[in-house]
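Asker: sharing a sequence plus its predicted fold:
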2 protein chains.
Amino acid sequence: MIVESLKDQDSETKILEAAKTVFTRKGMDGATMQEIADEAQISRTSLHYYFRNKEKLFEIIFAESLDRITPRFNKIIEMPIPLFEKIELFVENYLNVLTENPMLPGLIVHEMSRDPHTVFNIINKKGIKLDKLLVQMELEKMGGVLRNFPIEHFVVNIFSLCVFPFLAKPLLEEYLFDNDENKFQQFIEERKKVISESIILFIKK
Amino acid sequence: MIVESLKDQDSETKILEAAKTVFTRKGMDGATMQEIADEAQISRTSLHYYFRNKEKLFEIIFAESLDRITPRFNKIIEMPIPLFEKIELFVENYLNVLTENPMLPGLIVHEMSRDPHTVFNIINKKGIKLDKLLVQMELEKMGGVLRNFPIEHFVVNIFSLCVFPFLAKPLLEEYLFDNDENKFQQFIEERKKVISESIILFIKK
DNA sequence: CTCTTGTCTGACAAAGGTGTCAAAAATAGA
DNA sequence: TCTATTTTTGACACCTTTGTCAGACAAGAG
């Protein structure tokens, strides 16, 4: 109790890592507590000792994953820099986060079709604040830097171009990159410029 | 036996429709045979009579869904028309297909993370033939109509922009469209122009 | 050493899902 | 009508998974 024993910490984080691995690999339905326990190298009963049941565990993993993404973006959005720079920064950061968590989009998409409400709840608490970005865009439209494009499409385009490759990753690796993980990574690296470029072309006058 | 009785047809197609509904709603893992049987308004045992087991049923649904998509595209790709027109036609058709099968992308993405091999097999049999499109693009690059852009990114961009909104549909409806299905549909309609425009901007000289 | 506290486990019961079978029900053909 | 075939079903056995519980085990405090 005094030491808040190391093994505690160890087991708990081991479990969280294992759970993240298994959930992203199999989804909430496909994953079993046994598999998570094996991955964490503890008994299934221990798993239940730390996390009462599968749903709770899943929610924790899911919320934690989102937490890792959004704060960075809100920072970028609030920076006092020109929109085009902001877009470049945003895209680069987003692709970096996704590279570190390549399975996350799939997890979100799947969970969203299984139970959208959970996802909304978490996003409401932790989501990206687009409002400020939109205000800036309206201003720059007035200022004559931007053409009068539809903002919803702008937002959807950015997310589409960034996220989709990770959702289709196995497909791309099979059909475009000879199953070479490095080529995929190279592709994402190139993409940082490609996306900014494409988006800026789309909105500038 | 002679008539290949109507009820046969009925039950079988009822099952296929029900299975498609349930699989797209719950994924292969989340779906149960009972749920499919209920949806088709027959007993679970009858379900097994028509389709030996869940895997078989799923594979059929999955292959059939892909079949509905790809032939159209191969036709468009082979049409003897300029690339820009081809892109517009492709995008419009793709968004139409997706509107008719809005859950399909989610199903494919999920199944791909569960078992990529199945997906590859089906795509190999029924997939889109991009080769001819790529040849045409090289030609038009030579011809000076197109700038020297990276073709992989072009392909990924088109698919990203078309498919992603359907993957994120619940999210978009919640946060952009006040949960109004019509607004989403309106958005997709606008998108036909937006995507072609954005893509053409990206590749033309 | 003994007690307490926190960690872990094996064994169990309960629930849910799958697939099979024999037999009932429906249908077509004679 | 009677028979043969197809379709449908209820009942069953089996397996997997979940979640609980009592008790074992380790470690620090007295």
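Answerer: Looks like it came in fine.

Asker: ok, which stretches of chain A are helices?
Answerer: In chain A, the helices defined using DSSP state H lie at A:6-30, A:33-40, A:44-50, A:54-78, A:83-100, A:104-114, A:116-126, A:131-142, A:151-167, A:169-175, A:181-203.

Asker: pipe these into a markdown table and attach mean neighbour count, distance to B:Y49 and mean pLDDT per row.
Answerer: Heads up, the C-betas are built off the backbone N, CA and C, glycines and all. What follows is the helices of chain A, written out as a markdown table (neighbours: other CB atoms under 10 Å in any protein chain shown; distance: least, CB to CB, whole Å; pLDDT from 0 to 100):
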| stretch | mean neighbour count | distance to B:Y49 | mean pLDDT |
| --- | --- | --- | --- |
| helix A:6-30 | 17 | 26 | 82 |
| helix A:33-40 | 19 | 32 | 95 |
| helix A:44-50 | 15 | 36 | 95 |
| helix A:54-78 | 16 | 33 | 88 |
| helix A:83-100 | 18 | 46 | 94 |
| helix A:104-114 | 22 | 29 | 87 |
| helix A:116-126 | 15 | 35 | 83 |
| helix A:131-142 | 14 | 56 | 87 |
| helix A:151-167 | 22 | 37 | 96 |
| helix A:169-175 | 19 | 35 | 94 |
| helix A:181-203 | 17 | 45 | 96 |
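
Asker: mind putting those helices into CSV with distance to B:L171?
Answerer: Formatted as CSV, the helices of chain A follow (distance: least, CB to CB, whole Å):
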stretch, distance to B:L171
helix A:6-30, 18
helix A:33-40, 27
helix A:44-50, 31
helix A:54-78, 12
helix A:83-100, 16
helix A:104-114, 7
helix A:116-126, 7
helix A:131-142, 16
helix A:151-167, 9
helix A:169-175, 20
helix A:181-203, 19
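
Asker: list phi and psi for A:L130.
Answerer: phi -80, psi -20 (degrees, to the nearest 10).

Asker: wait, doesn't it sit right on A:V155?
Answerer: Yes. Using CB atoms under 8 Å, A:L130 is in contact with A:V155, at 6.7 Å.

Asker: and A:F23, how far from A:N148?
Answerer: Applying CB to CB, to the nearest Å, the value for A:F23 to A:N148 is 43 Å.

Asker: what does A:L134 give?
Answerer: 14 Å.

Asker: go on, A:V97?
Answerer: In terms of CB to CB, A:V97 sits 31 Å off from A:N148.

Asker: what does stretch A:192-202 rub up against?
Answerer: For stretch A:192-202, contacts defined as CB atoms under 8 Å, 6 or more residues apart in numbering or on different chains pick out A:84, A:87-88, A:91-92, A:95, A:149, A:154, A:157-158, A:161-162, B:150, B:153, B:157, B:197-198, B:201-202.

Asker: pop the domain breakdown of chain A in here.
Answerer: Domain assignment of chain A by automatic domain parsing yields the ranges A:1-52, A:62-203.

Asker: relative to B:D29, which of those is closest?
Answerer: Closest approach to B:D29 among the domains of chain A (CB to CB): domain A:1-52, 4.0 Å.

Asker: list the residues that contact A:V22.
Answerer: Counting by CB under 8 Å, 6+ apart, A:V22 has contacts A:31, A:35-36, A:39.

Asker: out of those, flag the one nearest to B:P80.
Answerer: Among these, A:A31 lies closest to B:P80 (CB to CB), at 50.2 Å.

Asker: quick one: the residue nearest to that closest one when sequence neighbours are not counted from A:N53, how far?
Answerer: Once flanking residues are discounted, A:A31 sits nearest to A:V22: 4.7 Å by CB to CB, 6 or more residues apart in numbering or on different chains. A:V22 sits 15 Å away from A:N53, going by CB to CB.
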